[in-house]
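K.L.:
below are the sequence and a predicted model for it; my questions follow.
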Amino acid sequence: MSSLLAQLERYTQTQPAEVWLVHAIVEGEPDRILVFKGFSSSLMRPTAFDPDVPLLPPDATIESIDRLQAPFNPDSPQYLDQGLSVAEVEHRLNTGT
């Protein structure tokens, strides 16, 4: 799971007009992770100051992923894609589509 976040972080370094919102279950609780300009941050749980500490533990489950227009405004999100699966996102990242 953390390797997907790392891929999204690399992608957003070259695509600063995009934000990815990862909907996950961590330790039985919902979490939302925002990936923007090469960084990931949890919107619902504390995020470690050290960027080497993974936000998603190995037992986390990603439910879906949304791609949004930057800048992210939680009151008025501008979705480019919504409800993508991990497989769909990995395919897009690997093929550039």
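P.N.:
Sure, I can see it. Just so you know, these numbers come straight off a predicted model, no measurement behind them.

K.L.:
from here on, just use CA atoms for contacts and neighbour counts.
P.N.:
Noted.

K.L.:
endpoint to endpoint, stretch 45-65 covers what distance?
P.N.:
18 Å (C-alpha to C-alpha, to the nearest Å).

K.L.:
for stretch 65-74, that is, sorry about that
P.N.:
15 Å.

K.L.:
make residue 1 into 33 and carry on from there
P.N.:
Renumbered: residue one is now 33, and that last one reads stretch 97-106.

K.L.:
in that stretch, what counts as buried?
P.N.:
Buried residues in stretch 97-106, counted by 16 or more other C-alpha atoms under 10 Å: 97, 98, 99, 100, 101, 102, 104.

K.L.:
for the chain, what are the low-confidence residue spans?
P.N.:
33-34, 129 (pLDDT under 70).

K.L.:
now the strands for it?
P.N.:
For the chain, strands defined by DSSP state E occupy the ranges 50-58, 61-68, 71-74, 93-101, 111-116.

K.L.:
strand partners (parallel or antiparallel) of the second one?
P.N.:
It refers to strand 61-68. strand 50-58 (antiparallel), strand 71-74 (antiparallel) (DSSP bridges).

K.L.:
angle of the longest one against strand 93-101?
P.N.:
Spelled out, that is strand 50-58. If you take axes from the mean of the first three to the mean of the last three C-alpha atoms, to 10 degrees, strand 50-58 sits at 160 degrees to strand 93-101.
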